[in-house]
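S.K.: what shape does this take:
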Amino acid sequence: MTVRALLTACILTVATVAPLRADPIADSVAAIATSVQEVRTAGTWEKDGTKGVYRVVVVRSGPEPVARLFVQWLASGADGAFTVTRTVDIKELIELKQNIGDFVIEADDDGLSIFLEMINPAADGARESYELFIGDDDSYRFGPASN
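M.R.: Residues are numbered from 1 along each chain as shown. Have a look, this model is predicted:
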């Protein structure tokens, strides 16, 4: 009886441990924080002999969702794998305390233009247009749309 109880305990222990995977891609997707709710790649860049793509990440939190936006430069390696070389946090969104309803990205030789539709929960969901221009040197301009 003791052997059977020990064997049952071992089986239950193994069954409750997270399954081991041999798929690092699936594991990396499973590890993405739930607050990361949108990820888009757009456009290409080249600097000092390195090439890559831009990645825009939207993170949301709170009961009345508030968004943050990050722009990343992903460098393409010789093996085709990408590495993050830079990340810029658009700090003004922290103070704005609004959600991003939608956004459109345009890339050109100077960097990215991102046009955002912001939703203001403090104003009964009023929508406002903002624009972000981010250059090759991490500098950016963010503010209400000029159109």
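S.K.: what helix or strand does residue 71 sit in?
M.R.: Residue 71 is part of strand 66-76, with elements assigned from DSSP states H and E.
S.K.: same question, residue 128
M.R.: Per DSSP H and E: residue 128 is located in strand 126-135.
S.K.: what comes up buried for the following helix or strand past that strand?
M.R.: Counting by DSSP H and E, the element after strand 126-135 in chain order, helix or strand, is strand 140-144. Buried positions in strand 140-144, judged by neighbour count with 16 or more other C-beta atoms under 10 Å: 140, 142. No exception for glycine: its C-beta is placed from N, CA and C like everyone else's.
S.K.: which residues does strand 140-144 contact?
M.R.: Residues from elsewhere that reach strand 140-144, judged by C-beta atoms under 8 Å, 6 or more residues apart in numbering: 71, 88, 90, 92, 93, 128, 129, 130, 131, 132, 133, 134.
S.K.: each with direction, which strands does it pair with?
M.R.: Based on DSSP bridges, the strands next to strand 140-144 in the sheet, each with its direction, are strand 126-135 (antiparallel).
S.K.: backbone dihedrals for residue 96, please?
M.R.: In terms of degrees, to the nearest 10, the main-chain angles of residue 96 are phi -70, psi -30.
S.K.: for it, which residues are in contact?
M.R.: Taking C-beta under 8 Å, 6+ apart as the contact definition, residue 96 lies against residue 118.
S.K.: before I go, just wanted to say thanks for your time.
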